[in-house]
Every structure is written in structure tokens, then in C-alpha cells.
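Peer 1: output the structure for:
(chains A and B)
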Number of protein chains: 2
Amino acid sequence: MNTSSTFVPADTLESFMYQVFSSLGFPEYAALESAHTLIQADLRGIDSHGCARLASYIRLIDLKRINPRAQPKIIRERPATALIDADAGLGLWIGKEAMEIAVNKARQCGSAWIGVKNSSHFGIGAAHCLNTMGEDMIAIAMTNASPLMAPAGATKPYLGTNPMCYAIPAGKYQPIMADLATSVVANGKLEVAHRAGKPIPQGWAQDIDGNSSTDPLVLKSGGTMLPLGSDSDHSYHKGYALASVVDIFSGVLTGANFGSWVPPFVPFLDNKTETVGEGIGHWFGAISIDAFMEISDYNKRIEKWIEGVKAIPPKEGVEEVLIPGEPEYRTSQLRLSKGIEISSGLMEDLLAMQARFGLSVL
Amino acid sequence: MNTSSTFVPADTLESFMYQVFSSLGFPEYAALESAHTLIQADLRGIDSHGCARLASYIRLIDLKRINPRAQPKIIRERPATALIDADAGLGLWIGKEAMEIAVNKARQCGSAWIGVKNSSHFGIGAAHCLNTMGEDMIAIAMTNASPLMAPAGATKPYLGTNPMCYAIPAGKYQPIMADLATSVVANGKLEVAHRAGKPIPQGWAQDIDGNSSTDPLVLKSGGTMLPLGSDSDHSYHKGYALASVVDIFSGVLTGANFGSWVPPFVPFLDNKTETVGEGIGHWFGAISIDAFMEISDYNKRIEKWIEGVKAIPPKEGVEEVLIPGEPEYRTSQLRLSKGIEISSGLMEDLLAMQARFGLSVL
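Peer 2: Numbers count the residues shown, from 1 in each chain, chains lettered A, B, ... in the order given. Predicted coordinates:
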């Protein structure tokens, strides 16, 4: 196992990704926003969703399964809702557009929901929500994803690890971020265990027969991720229900694919032949705080909520009770100063891209 | 243990509860809707939230902590939002009013959110959402509740078992119902285990030091419910994050109490002296399907989603993969025909109420 690595400053890495997207034919706005979404994942410690995904996006663009010059448009609209056809564009920047429409509508109406179809991977929901945090809005982002998870009691994948993110402004504190895959853990944690040569805990994934497995490679032999809750004694029907809600909002209600028909993200898999819609789907929401109370009153209340959590004694072995999203915020502060650690294997991939596009950033 | 019981037809029990609320001074509409909300819980098998709660409501009304003649009003409004002051009324019927406003606004704007403060227990979210199912809307209901659950890593209660309910119309099938407490299990399951003389599974609750406990009475000795996920290996920070979102929507954003300041439901506990708002809070949403696509198209898509789930082979020991909410629907069909089983202890309570109010229904 090669453990050598390099630390790259976040702005260097973001600039590199921007130039790669530009080289692929993205308009400036789309290239900037796509790079910005990815660097948020690298900063927040969601390493599977940052620059490590760049190579996959490039292959999907090369295969013409993502349109670099997509022109998303609103195809159905009400005062507090819109449906967007993303024109097979990259979700990384489409999300920014959709979230802006949500915020504008919420400013007019108090709240809004925006559905997106015919899109592709949007990165981490937190990046899209964080973009709005100057607006005194609560922001929500969800997306469906290709099937990896079995419904409670089932043996085959039907749902993605379908994440939901709620970003909540918090006065003088950092925003509260509830950003979670509706599976017990994200798929990337199995890869981490595999690379470390370790078994995974019971309750993360099951084998092809539906028995909980500790094999980090179990997905490669027909296994599936388990919904949040892990088993019937611990209410995995709840994780299944939440993943279903995300799929129905993002997929069924938008006109995108849903369920087992969501196209695979991984570019070496063929697109499925049967489809039930266009691309993958997202679901964005905004709620204007001012529609419910004065911002100054809200700020006092949410600060008190946070201070109430912080006053609770932690259990033994836990240093401090954390606010949702606080671990990722701490990671981002650390990485802003220290740089982002890139393994030698990933650096080789990035340098190959740099050579292909004649860049000289890294 | 007295195991004798009686089966009471649902309409008899509903009529009895209606007459009790009427005798307590509720206007007809409020009495009818309160009884209707409770009978939904009895029908769906959520026995802790149906007629078994009637005695507690009466005590809270006797103590003047619930106002039988409440006149809820909208105190802040935008085209797609409203904030309601519930005038210390009973959440059981306030929820119906709020949900109607949500539906009317969603018909105009495509979607809406309604916050409620100064309310009390609203029963099961599913009852409020099911009321809208003829409207071609997706309905959402959340409420905060008095603290029973510790944040991840904490040793004291700060959050209720704060439920969220999503009700999704499903064409020719029953609505999909994702109705879940954000704790691993609802509090009532500990009582069931205690009555059966059984330990509870690891991962449902923890003792006063934050160690997982199998004692069904652990809450009485300073223990707390655990958030969905159960422990750090199985992502209980996700259940904690979801419970936080419910508390912030229902409590912080509405002007109700939140966190550890939510007043206790149980009437023999004193109201807390420190408050940070008025009563408890709820959060209701409606999304018009027609704002995103034609209903006929949606119906085909959601039916396909359900048929996709039903086509998955279940694992050994599971008869059939179920749609979220299907178990509760099946229970309600059974109980509609068989009646609702009332234990002899509960029947004594109900007969005492009947005597107090001079009724002759049961």
C-alpha cells in the first residue's frame, strides 16, 4: 500500500478543476461553479465526492453522457415551484442555478421547491445549500442516485444512498448542516475499510441473500447497502422510508429516472436500456426565515438552541457534544490552512489530466 | 397481568371520543376532528397515540393547560407560508386547520409551509396528512415534543422523539406513508417490553452515563432514547440531525418552545418555569403534484415505483417487500372490520370518563 501523499492548497486545487472543466468546453460560469462544488467536498472531508471524482466526470463527458454546454430551462412553473430540465448537464453547477431560483421564489412567496430532471451527479448537497447562506434562508437539497441499497427486507438494490441536506443559518454561529445519506453509511466507507484491510461492522451492508455481512467487497458479489437503522430491530424501515421520499421527490415527481432505473454514475457501466425518465433528478428547497419571524429574533433563538446543545455533558470518551455539521466544518477549517491531502495514486490521475489539457497548475 | 380485552367498533370509539371532547367544551368542528385524529392512530396500530391518550388530554384541559375553545389565527403570512398562533388549543384538531391552509396555498402557489406555535400534542402526523389525500398533494407533518432523546454523544435529553411524516398519493394504490419518530423506536415500545417482562434490544436507549441499556425502565432512572442509527458505528448522528431539523422547523422557526424547554406532555409533571416560546410547535407542508406534472403522468410513474418495489424478492423469513406505510394500512383494514382491541384497564378509564360526562356510548 502506497501511503505517500501531498498537500495541495484548496485554491490551487479549485483553480485546477476550474481549468479542467473549461478545457472540456464548459462556459465560465459552469466551470467555476462545478469546481466550487467539488472543492467544498474536498474541504469538508467528503473525499469520495471531491477531486477524486473528476476523472469519472471527464469520462462521462468524453462518452457524451454529460453535456458540457447544457442550457437548463424551466419547463413548468408556479409562484413557489419550478421544474427544470437540466439538458443533460452536470449536476455540480446545475444545483447552483436551481438553488438560486429557489431563493428568489422564496423571497417572493416565503418558500419554494425546485425539481430538476435530466441531470447528473450533483456532488454534495451541502455545497449547494452553503451557497445560499447569506440569504437568511433555510436551504434543502436532495438527489436520487443509482441503486445500491435494498428496501427493508429485500435482497436487491432499488434505491441509491439518496442523501438529504438541510442547511440552517445559525446567527453568530456556523450554519447547522444536516447532510446525510439515507443508508447507514455512504458507499465510500466500504472502500476505506477495504483499503485498510479491515472488515466492516455488522449492519452496514448485506450479502446477496439479505444477511448482514462484514465483507467490505460484498457489493461486488451482489450485496447491497442497508438503510439507516441497519436491521428490523433498529427500524431500518425508517431509512428505507426516507430514501423513498428522496427518490420520489427527485425522481418520480420531476420526470427523471427513479428506483432501479436510475442510470449508473460509474462510466464503465453501460447506460441501462430501459428508462422511465430523463437522467437523474434533484430536489431543492428554500424557506425564508423572515416569512416566519424577524431575523434578529430568529438569530437569538437559534443561538440559544445551539448553546443548549453545547451545555449538555458528553458521555465518557466524547470530548464535546457536536452540532450537526460541526465535524465537517472543523475539517474544512483545518484543510483551508493545511491544504488538501492527495494520495500519490490520485495525484497521478490529476497530473495525467493536467497533461491532457496542457495545464500547469499542480 | 390482566389480559382480558374487548373489541370496540372504530365508529363507536370515534363517536365516544367526539362526545367526550364536546362535553369538555370543544366546538363541534374541533371535537369531530380531534376524535378523528385519535381514531386514525387506533386504527393504524399506533396504540399509544389513540384513545389511550384521552385521559391525559382531559387532565391537561382540567388543568387549563389546553384551551378547549381555542381560536387559532394566522399572525404572519406570505403567499406560500403562514405562521399560526394556536391559542393554546389541542394540536389534534389544530393540525387539520393548518393542513387545510397549506393545501389552499399550495393550490395557488405550487407549494406551502405552515408553522404553528402555542399548540399542544397533535397525535400522529399521518392523520393530518391523510386528511389531504383527495387533493393530489404530497403532505408533510412534523412536530417537536418534550425532551426524551440525547444528541449523539450526549448524556441528557434535549430533543423529543420528533416525528416527521410524508404522505405521498400513489394513483390506484394506497398512499405511501413515511411516518417516523427520529429516535430508533417510539417511547411506547419500551412500555410494551416492560409490560411483557422483556429486556429491550441494545441500541434503543441509554442509561444516565450514556451506555446502551437493555432495561425497559431506563428512562425512569435518568436514561434517554437514542437517535435513529443507535450508535456511532451506525450513524446515530443522522437521527440526531433529523430530530434537530424537526425541532428547528417546529420550534425555533415558529416561536414555540424548543430543545429541553419543550413543555412536558405528561400532566402530572409541572410545566417548566423557564420557557423560550409558547407551547409546542408543528410544521406542515403541501406540494401540489400538478405544479410538476400532469396527475395522470404522475400516477403512472408512482404506480411503476411501487410495482418496482413489489417485484424485488424478499429475504428469507420475509413474506413480501412492503411499501412504506403498508403495515399500518393493513392494520387499519383489519381493525375496521374486527374493531379496536381495548384492554380491560383502558376500558375502565374510558368508562370512568363516560360516567363523568353522563354519556352512554360504550
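
Peer 1: so which bits of the longest helix belonging to chain A are buried?
Peer 2: Longest helix of chain A, by residue count under DSSP state H: helix A:91-109. For helix A:91-109, the neighbour count (16 or more other CB atoms under 10 Å in any protein chain shown) marks A:91-103, A:105-107, A:109 as buried. Where you see a C-beta, it was placed from the backbone N, CA and C, and this is true even at glycine.

Peer 1: how far is stretch A:29-37 from where the chain is centred?
Peer 2: Put simply, stretch A:29-37 sits 15 Å off its chain's centre (CA atoms, centre = their mean, to the nearest Å).

Peer 1: tell me which residues in it are buried?
Peer 2: Across stretch A:29-37, burial judged by 16+ other CB under 10 Å covers A:30, A:31, A:32, A:33, A:34, A:35, A:36, A:37.

Peer 1: one more: stretch A:8-17?
Peer 2: A:8, A:10, A:13, A:14, A:15, A:16, A:17.

Peer 1: check stretch A:344-357 too.
Peer 2: A:346, A:347, A:349, A:350, A:353, A:354, A:357.

Peer 1: which single one of those residues is nearest to residue B:261?
Peer 2: Using CB to CB, residue A:346 is the member of the buried residues of stretch A:344-357 that sits closest to residue B:261, with 47.6 Å.

Peer 1: need the contact partners of the helix or strand hosting residue A:141.
Peer 2: Residue A:141 is part of strand A:137-143 when elements are defined by DSSP states H and E. With CB atoms under 8 Å, 6 or more residues apart in numbering or on different chains as the test, strand A:137-143 has contacts from A:91, A:95, A:99, A:102-103, A:106, A:121-122, A:125-126, A:128-130, A:132-133, A:160, A:162-169, A:246, A:249-250, A:280-289, B:249, B:253.

Peer 1: just those: which are in strands?
Peer 2: Among the contacts of strand A:137-143, DSSP state E puts A:163-169, A:280-288 in strands.

Peer 1: from these, which is closest to residue B:154?
Peer 2: residue A:168 (19.0 Å).

Peer 1: tell me the bridge partners for the closest one.
Peer 2: Note on residue A:168: beta-bridge partners by DSSP bridges are residue A:176.

Peer 1: just give me the closest of the buried residues of stretch A:8-17 to chain B.
Peer 2: Distance to chain B, by CB to the nearest CB, is smallest for residue A:10 among the buried residues of stretch A:8-17, at 24.8 Å.

Peer 1: quick check: that closest one vs residue A:17, distance?
Peer 2: Distance of residue A:10 to residue A:17, given as CB to CB, to the nearest Å: 11 Å.

Peer 1: shared neighbours of the two, anything?
Peer 2: Overlap of the contact sets of residue A:10 and residue A:17 (by CB under 8 Å, 6+ apart) consists of residue A:39.

Peer 1: in the buried residues of stretch A:344-357, find the pair that's most separated.
Peer 2: Across those, no pair lies farther apart than A:346 and A:357, at 17.0 Å, counting by CB to CB.

Peer 1: which pLDDT value belongs to the nearest residue to residue A:212 once chain neighbours are set aside?
Peer 2: Counting by CB to CB, 6 or more residues apart in numbering or on different chains, residue A:212 lies nearest to residue A:202, which is 4.8 Å off, once chain neighbours are set aside. Here, the pLDDT recorded for residue A:202 equals 97.

Peer 1: in stretch A:187-194, which residues are buried?
Peer 2: Neighbour-count burial for stretch A:187-194, with 16+ other CB under 10 Å as criterion, is recorded at A:187, A:189, A:190, A:193.

Peer 1: out of these, who's near chain B?
Peer 2: Among these, no residue is within reach of chain B (CB under 8 Å from any CB of the partner chain).

Peer 1: among those residues, which are in helices?
Peer 2: Those of those lying in helices (DSSP H): A:189, A:190, A:193.

Peer 1: tell me the gap between stretch A:254-268 and the middle of its chain.
Peer 2: Averaged C-alpha coordinates place stretch A:254-268 at 15 Å from its chain's average position (CA atoms, centre = their mean).

Peer 1: ok, that stretch near chain B or not?
Peer 2: Yes: using CB under 8 Å from any CB, stretch A:254-268 reaches chain B at A:254, A:255, A:258, A:259, A:260, A:261.

Peer 1: out of those residues, who has the most neighbours?
Peer 2: residue A:254 (32 neighbours; other CB atoms under 10 Å in any protein chain shown).

Peer 1: who in the stretch 251-362 of chain A is up against chain B?
Peer 2: A:251-255, A:258-261, A:276-277, A:287-289, A:291-293, A:297-298, A:301-302, A:304-305, A:308-309, A:312-316, A:318, A:321-322, A:324-325.

Peer 1: what score does the most centrally placed residue in chain A have for pLDDT?
Peer 2: Closest residue to the average C-alpha location of chain A: residue A:124 at 2.3 Å, with CA atoms, centre = their mean. As predicted, residue A:124 sits at a pLDDT of 97.

Peer 1: and for residue A:48?
Peer 2: Checking the pLDDT column for residue A:48, the value is 90.

Peer 1: in the sheet, who's paired with residue A:285?
Peer 2: Counting by DSSP bridges, residue A:285 is bridged to residue A:113, residue A:140.

Peer 1: what's the first helix or strand after the one helix or strand in chain A whose mean pLDDT sits lowest?
Peer 2: Using mean pLDDT, DSSP states H and E, helix A:188-195 stands out as the lowest-scoring helix or strand of chain A, at a mean of 90. The C-terminal neighbour of helix A:188-195 among helices and strands, as given by DSSP H and E, is strand A:205-206.

Peer 1: can you list contacts of that next one?
Peer 2: A:150, A:155, A:190, A:212-213, A:215, A:218-219, A:223-226, B:315.

Peer 1: show me what contacts the residue nearest to residue A:212?
Peer 2: A:212, A:214, A:230.

Peer 1: helices along the stretch 1-150 of chain A, start to end?
Peer 2: Secondary structure of the stretch 1-150 of chain A (DSSP state H, counting those that start in this stretch): helices at A:10-23, A:28-44, A:54-62, A:91-109, A:125-130.

Peer 1: so which elements touch the last one?
Peer 2: Going back to what we said before, that points to helix A:125-130. Secondary-structure packing of helix A:125-130 (3 or more CB pairs under 8 Å, 6 or more residues apart in numbering or on different chains; DSSP states H and E): helix A:28-44, helix A:91-109, strand A:137-143, strand A:163-170, strand A:173-181.

Peer 1: what's next to it, contact-wise?
Peer 2: Under the contact criterion CB under 8 Å, 6+ apart, helix A:125-130 has outside partners A:36-37, A:40-41, A:44, A:46, A:95-96, A:98-99, A:122, A:139-143, A:163-167, A:175, A:177, A:179, A:284, A:325, A:328.

Peer 1: can you list the low-confidence ranges for chain A?
Peer 2: Within chain A, the segments meeting pLDDT under 70 span A:1-3, A:266-272.

Peer 1: rewinding a little: list just the nearest of the ones in strands among the contacts of strand A:137-143 to chain B.
Peer 2: residue A:166 (4.8 Å).

Peer 1: contacting residues around that closest one?
Peer 2: Contacts of residue A:166 by CB under 8 Å, 6+ apart are A:129, A:138, A:139, A:140, A:176, A:177, A:178, A:179, B:241, B:245.

Peer 1: how about those residues in TSV, adding neighbour count and distance to residue A:68?
Peer 2: Formatted as TSV, the contacts of residue A:166 follow (neighbours: other CB atoms under 10 Å in any protein chain shown; distance: CB to CB, whole Å):
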residue	neighbour count	distance to residue A:68
A:129	29	25
A:138	27	32
A:139	28	26
A:140	26	28
A:176	25	35
A:177	26	30
A:178	25	32
A:179	23	27
B:241	27	35
B:245	23	35
